[in-house]
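> Here is my input; please provide its structure:
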Amino acid sequence: MFIGCQIPLKQATLLRQSQNSGIRARCPVSPSGTSFAGGPKAILGFCSWALSGSLPASSTRAESHKLAGRAPPHARQASVLASASAPSATPIGRSYGAPPRICILGGGFGGLYTAVRLENLMWPRDKKPKVTLIDQNDRFVFKPLLYELINGGARPEEVAPPFAELLAPYPTQFIQDGVHSVHERDGASAPGGSSGGQVKLRGGGVVEYDWLVLAMGSSTTFFDIPGVKELAFPFCDYKDAMQALRQLEMLEQRQQASGSLSVTVVGAGYAGIELATTLAERIGPRGFVQIIHGGNDIMEPSSAGQRDAAKRMLMESNVSVTTNALVSKVERLGDAPQSQLGPDLSRRRLTLKMSDERQQVIDSDMVFWTAGSGPVTKTAAQKLSLPFPTDKRGLMQTDAMLRVLHVPHVFAMGDIAGVAESNPETTPPPTAQVAFQQADYVAWNLWAAINNRPLLPFRYQHLGDMMSLGRSKGAVTLPLPVPHQLASAAATGPLGSFLQSAGISLGTQTAEQGVTLEGPLAGALRRAAYWYRQPTDAHRLTVGRNWLQQALQEAQGMMGSAGPRR
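As a prediction, the model looks like this:
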């Protein structure tokens, strides 16, 4: 029987001890401990990435509030504060017996999911923490679905719901502001320290904490290449996507009178490929999309199944790919707009440096930049002042429990964190999958630390990869070991033709190459996984209802276009 939450025996014993001590707690560890040994269990292990987020349950939630001695939180709204004017954002000392204060910096996958998990754990009456989430934006962004904004596959409120809406069922306090600096209180790291420190916000407010979670993520880096930051569109968050969509709509209106539309995507990692195929689907025969990539091949770190599926889709979509080409500058062709607020519809010229040192020039109506990102400690437009150790990549150095080195009351996770003793080549990739898993561990370890229980070391379990290749198509790779005889039969015999027609390919070298599904089947599986992985039950219900209505409307449209049979 498949167990939804598998952890090592020693850690399971620790959990039982915590529960038997009178402190009730759910197992917060996602099924990231599931090992792939092949067969149905391995498939379920992959699906657990999507299915591991269902922590809330009405009965246990009500019981937790009964234990805490307060009214259920559905009667309250999340506190949404403007830090410049909010009196509760000013520093106040923690009085004796007051609840612990947990401050989470960053509302991405790691930060938001940690906040939600903390609220759903069972806490003793006097130790239920006050959780504060701080983010400079007012919306959470489900980044894997950003591409659906370009092709109409999802609505803005589905991809980027407001924090106030998501946190409404919980007593979590949300503050919209940027972080200026963090200051540790003297002696906070020593045993018995009365408070951890304070976070100074760019709006002037100050938030004091006993426990701190760093989950600020990553942002786009432009490598100081002339013209890139000013003339190319990044595609990293909700604001980027909406600005790019408005520009694309204006260019499409102009294109109706002036001819074809050309779009260039710089970078051929997952983001570049997903964006290029989505743009090609939208533009269709009215223009063309091209990819510029500095490496030898697209998606070089990915599995062969994902890479091959992407190449087939690029060819089918008539997307051209230029490899071994580095952008040296981007220029505007024509006059700049008279007003900074007005649209800039002038064409762009990219100068490329090829592998043989010659230069090549490409003109394009619009340029997207997906060629680099890094932790905000190195890429933030406004420098952050953080008193914590980082490596040369800008990653916060943590121990195996995801605590910042030498600062046991501070945790770091997601794109901003790296385990100090790990090999850089084995550091978990900066993906949503990693943040999902780390959120479970950070929430549990905060609970354990506050309640004087043993902490759990983080163990990343790669559960596969998913990629969008258009509105209804995708590629999903399950890291299942494929027997050599089966792989050979699939490569040479009729079995291979059958599997290929079904959109299934088998890897032949390592388990990570595994089994790849592509086409509409993979697209449906991807959407189902992301639907289940929405941060709250209420938002999951909203997204599911909207997607069902959309599917019914599209089905009716297809039936109507087919017309009556004669």
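
> could you list every residue that touches the residue most central in space within the chain?
The residue lying closest to the centre of the chain (C-alpha atoms, centre = their mean) is A432, at 3.6 Å. Going by C-beta atoms under 8 Å, 6 or more residues apart in numbering, A432 touches F109, K143, P144. No exception for glycine: its C-beta is placed from N, CA and C like everyone else's.

> so the last one sits right up against Y530, yeah?
Yes - contact status for P144 versus Y530: in contact at 5.9 Å, counting by C-beta atoms under 8 Å.

> what is in contact with the two at once?
Common contact partners of P144 and Y530 (C-beta under 8 Å, 6+ apart): M466.

> Could you report the distance from P454 to A417?
From P454 across to A417, the span is 21 Å (C-beta to C-beta, to the nearest Å).

> So the two - more neighbours on which side?
More crowded of P454 and A417, by other C-beta atoms under 10 Å: A417, with 27 against 15.

> what's the closest residue to that one other than its chain neighbours sitting at in phi/psi?
Nearest residue to A417, sequence neighbours excluded (C-beta to C-beta, 6 or more residues apart in numbering): M396, at 4.9 Å. Main-chain torsions, M396, degrees, to the nearest 10: phi -60, psi 130.

> pLDDT weak spots in the stretch 251-400 of the chain?
Counting by pLDDT under 70, the ranges of the stretch 251-400 of the chain that qualify are 338-342, 380-382.

> which residues in it form strands?
Using DSSP state E, counting those that start in this stretch, the strands of the stretch 251-400 of the chain run over residues 261-266, 287-292, 320-322, 325-333, 347-354, 359-364, 366-369, 373-375, 396-398.

> now the angle between strand 359-364 and the fourth one, please.
With axes from the mean of the first three to the mean of the last three C-alpha atoms, to 10 degrees defining the directions, strand 325-333 sits at 50 degrees from strand 359-364.

> Would you mind getting the angle between strand 325-333 and strand 261-266?
Interaxial angle, strand 325-333 versus strand 261-266 (the same axes, to 10 degrees): 140 degrees.

> And E148, how close does it get to P234?
Taking C-beta to C-beta, one finds E148 at 18 Å from P234.

> Make sure G544 is actually in contact with W531.
Yes - if you go by C-beta under 8 Å, G544 and W531 touch, sitting 5.7 Å apart.

> Tell me how far stretch 519-539 lies from the chain's centre.
Relative to its chain's centre, stretch 519-539 lies at 14 Å (C-alpha atoms, centre = their mean, to the nearest Å).

> just stretch 290-297 next, same as before
Centre to centre, stretch against its chain (C-alpha atoms, centre = their mean), the figure for stretch 290-297 is 24 Å.

> how about it as PDB, C-alpha atoms only?
Output of stretch 290-297 as PDB, limited to C-alpha atoms (Å, rounded to 0.1, in the frame of the first residue of the first chain):
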ATOM      1  CA  GLN A 290      13.200  32.600 -32.900                       C
ATOM      2  CA  ILE A 291      15.400  31.400 -29.900                       C
ATOM      3  CA  ILE A 292      18.900  32.600 -29.300                       C
ATOM      4  CA  HIS A 293      21.000  30.400 -27.000                       C
ATOM      5  CA  GLY A 294      24.600  30.600 -25.800                       C
ATOM      6  CA  GLY A 295      25.000  26.900 -25.200                       C
ATOM      7  CA  ASN A 296      25.600  24.000 -27.600                       C
ATOM      8  CA  ASP A 297      22.000  22.600 -27.200                       C
END
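
> So which residues make contact with stretch 330-348?
By C-beta under 8 Å, 6+ apart, stretch 330-348 touches 225-228, 230-232, 247, 250-251, 254, 264, 349-351, 363-367.

> For F288, which residues are in contact?
S260, L261, S262, V263, A280, N318, V319, S320.

> and if you look at M216?
L105, G106, G108, G111, V179, P375, V376, T377, L384, I416.

> Give me the spatial nearest neighbour of it, chain neighbours excluded.
G106 (3.9 Å).

> And G269, by the same measure?
Nearest residue to G269 in three dimensions, chain neighbours excluded: M299, at 6.2 Å (C-beta to C-beta, 6+ apart).

> what number of residues lie near the one you found?
The burial count for M299: 22, using other C-beta under 10 Å.

> Repeat that for I225.
I225 has 18 neighbouring residues, counting by other C-beta under 10 Å.

> Check it and give its pLDDT.
For I225, the pLDDT comes out at 97.

> do L463 as well
The model's pLDDT for L463 equals 85.

> Please tell me how far it sits from E165.
28 Å.

> For those two, work out which one has more neighbours and name it.
More crowded of L463 and E165, by other C-beta under 10 Å: L463, with 24 against 18.

> Within the helices and strands, which one has that one?
L463 belongs to no helix or strand when assigned by DSSP states H and E.

> okay, now the closest residue to K127 other than its chain neighbours: neighbour count?
Leaving aside its sequence neighbours, K127 sits nearest to I450 (C-beta to C-beta, 6+ apart; 5.6 Å). Look at I450: counted by other C-beta under 10 Å, it has 19 neighbours.

> ditto for L333
11.

> Could you do V327 as well?
25.

> now the one 5 residues further on
Summarising burial for R332: neighbours were counted as other C-beta under 10 Å, giving 15.

> Distance of the residue nearest to M216 relative to D237?
Taken as C-beta to C-beta, the span from G106 to D237 is 12 Å.

> just G372 next, same as before
15 Å.

> you'd agree the residue nearest to G269 is up against G267?
No - between M299 and G267 there is no contact under C-beta under 8 Å: 10.4 Å.

> And the biggest helix by length in the chain, what's buried?
When the chain is parsed with DSSP state H, its longest helix is helix 537-562. Using 16 or more other C-beta atoms under 10 Å as the test for burial, helix 537-562 gives D537, A538, H539, R540, T542, V543, W547.

> And stretch 277-286, by the same measure?
Buried, per 16+ other C-beta under 10 Å, within stretch 277-286: T277, T278, L279, A280, E281, R282, I283.

> quick one: it to chain centroid distance?
Relative to where its chain is centred, stretch 277-286 has its mean C-alpha point 25 Å off (C-alpha atoms, centre = their mean).

> C-alpha coordinates for that stretch, PDB please?
What follows is stretch 277-286, C-alpha atoms only, in PDB (Å, rounded to 0.1, in the frame of the first residue of the first chain):
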ATOM      1  CA  THR A 277       6.200  27.500 -27.800                       C
ATOM      2  CA  THR A 278       3.400  29.600 -26.100                       C
ATOM      3  CA  LEU A 279       4.300  32.600 -28.200                       C
ATOM      4  CA  ALA A 280       4.400  30.600 -31.400                       C
ATOM      5  CA  GLU A 281       1.000  29.100 -30.600                       C
ATOM      6  CA  ARG A 282      -0.500  32.600 -30.100                       C
ATOM      7  CA  ILE A 283       1.200  34.300 -33.200                       C
ATOM      8  CA  GLY A 284       0.700  31.400 -35.500                       C
ATOM      9  CA  PRO A 285       1.200  32.100 -39.300                       C
ATOM     10  CA  ARG A 286       1.000  35.900 -38.600                       C
END
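
> Adjust the sequence numbering to begin at 32 for everything that follows.
Sounds good: first residue 32 from here, last item stretch 308-317.

> ok, and what's touching that stretch?
With contacts defined as C-beta under 8 Å, 6+ apart, stretch 308-317 is touched by 178, 181-182, 279, 283, 286, 291-292, 294, 296, 319-320, 341, 344-345, 348-350, 399, 499-502.

> now do stretch 345-356
299, 304, 307-308, 311-312, 319-329, 383-386, 391, 501.

> Try it again at 6 Å.
Under the contact criterion C-beta atoms under 6 Å, 6 or more residues apart in numbering, stretch 345-356 has outside partners A307, T308, A311, V320, Q321, I322, I323, H324, L383, M385, S386.
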